[in-house]
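Asks: starting from these lines, generate the structure:
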Amino acid sequence: MKVIIVGGGWAGVSAAITSKKAGAEVHLYEKTDLLLGLGNVGGIMRNNGRWTASEELIELGAGDLIEIVDNTARHKDIEFPGHKHATLYDVNLIEGKVSTYLEEIGINIHIESRVTDIKIEDKKIKGIFLSDGTYEEGDVFIETTGTTGPMGNCLRYGNGCSMCVLRCPAFGPRISISERCGVSDIQGERDEDNLGAFSGSCKLVKESLSEKIVKELNEKGCVILEVPKEDINYDKLSSKVCQQYALKEFAENIILLDTGHAMRTEMQH
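Replies: Numbers count the residues shown, from 1 in each chain. Predicted structure coming up:
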């Protein structure tokens, strides 16, 4: 059986591994030049309920990616507002480790391969069309492209930018294969029914920070810096869909996390 997976983020690579273990011929299509998508920015695993989910996956024999994350972790079992017993993996290493593993177990990875349409006959998907005009047939189709959407979302909603990873202008916007099959996407909503599922985070080059902060980050994995009282804006928290970052601590502080050579910082906009 030939399984075609559209989207190479965490969900896509997970589906690819599971399909391969089930004995299928697996083809994974990713529009950018990297797997893992926003996983190359996040760097957080095993926090809160994800700890239980990780242990369950391992016991079920599906802990391949959890093991890779654990082996690339910079810090384990740390706490910061909204997060307990979190693992911080190195975002500079994770994609290479995952790509190598997929290749080793025989998964066909197609990067810079953007799926633009599908062929349907008798209400069944027969194949996919790529942006270069190529047509590929398959038996099972799994879409894992997420709903970050095109660059217009970043500009319209203005609550974060995904272009640093997804590079929409270079690789083209997301196309919902499920929508083309008549299944509507579920869209994240913020306060007052506004669409958009962006959270408040950005990257800082570690070398741009003070030696004191870098030392503490390397040792503890997290640094919390107080925001001056006159600059605190609690109203900004309502713009966040991700409730683990819609806490007052994220209005009152800048929280730095060590996920590699660059820093992820959760903060107010």
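Asks: when you work out contacts or count neighbours from here on, use the C-alpha atoms and nothing else.
Replies: Noted.
Asks: what bits of the protein have low per-residue confidence?
Replies: Within the chain, the set of residues satisfying pLDDT under 70 comprises 147-170, 187-201, 239-242, 261-269.
Asks: how much space between the residue nearest in space to the middle of it and residue 202?
Replies: With distances taken as CA atoms, centre = their mean, the residue of the chain nearest its centroid is residue 38 (3.0 Å). According to CA to CA, to the nearest Å, residue 38 stands 12 Å off from residue 202.
Asks: dump the residue contacts of the residue of the chain most remote from its centre.
Replies: Here the chain reaches farthest from its C-alpha mean at residue 122, the gap being 34.2 Å by CA atoms, centre = their mean. Residues in contact with residue 122 (CA atoms under 8 Å, 6 or more residues apart in numbering): none are found.
Asks: got it, and residue 112?
Replies: By CA under 8 Å, 6+ apart, residue 112 lies in contact with 29, 30, 31, 32, 33, 171.
Asks: what distance do you get for the residue nearest to the centre of the chain to residue 230?
Replies: From residue 38 to residue 230 the distance is 33 Å (CA to CA).
Asks: this protein: strands as residue ranges?
Replies: 2-6, 25-30, 44-45, 73-80, 83-89, 108-111, 115-121, 124-130, 135-137, 140-143, 201-205, 222-226, 253-258, 262-266 (DSSP state E).
Asks: angle of the longest one against strand 222-226?
Replies: If I follow you right, that is strand 73-80. 40 degrees (axes from the mean of the first three to the mean of the last three CA atoms, to 10 degrees).
Asks: what pairs with strand 73-80, parallel or antiparallel?
Replies: Sheet pairing of strand 73-80 (DSSP bridges) gives strand 83-89 (antiparallel).
Asks: what residues sit buried inside the partner strand?
Replies: Using 16 or more other CA atoms under 10 Å as the test for burial, strand 83-89 gives 83, 85, 86, 87, 88, 89.
Asks: and which of those is nearest residue 114?
Replies: Closest to residue 114 out of the buried residues of strand 83-89 is residue 89 (27.9 Å), distances taken as CA to CA.
Asks: so what's that closest one up against?
Replies: Counting by CA under 8 Å, 6+ apart, the residues that residue 89 touches are 43, 44, 45, 69, 70, 72, 73, 74, 75, 259, 260.
Asks: run through the bridge partners of it.
Replies: The partner residues for residue 89, given DSSP bridges, come to residue 73.
Asks: save the contacts of residue 89 as JSON lines, and put in neighbour count and distance to residue 211 too.
Replies: Converted to JSON lines, the contacts of residue 89 look like this (neighbours: other CA atoms under 10 Å; distance: CA to CA, whole Å):
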{"residue": "43", "neighbour count": "24", "distance to residue 211": "22"}
{"residue": "44", "neighbour count": "23", "distance to residue 211": "24"}
{"residue": "45", "neighbour count": "22", "distance to residue 211": "27"}
{"residue": "69", "neighbour count": "24", "distance to residue 211": "27"}
{"residue": "70", "neighbour count": "17", "distance to residue 211": "27"}
{"residue": "72", "neighbour count": "20", "distance to residue 211": "24"}
{"residue": "73", "neighbour count": "21", "distance to residue 211": "22"}
{"residue": "74", "neighbour count": "20", "distance to residue 211": "18"}
{"residue": "75", "neighbour count": "22", "distance to residue 211": "19"}
{"residue": "259", "neighbour count": "30", "distance to residue 211": "17"}
{"residue": "260", "neighbour count": "21", "distance to residue 211": "16"}
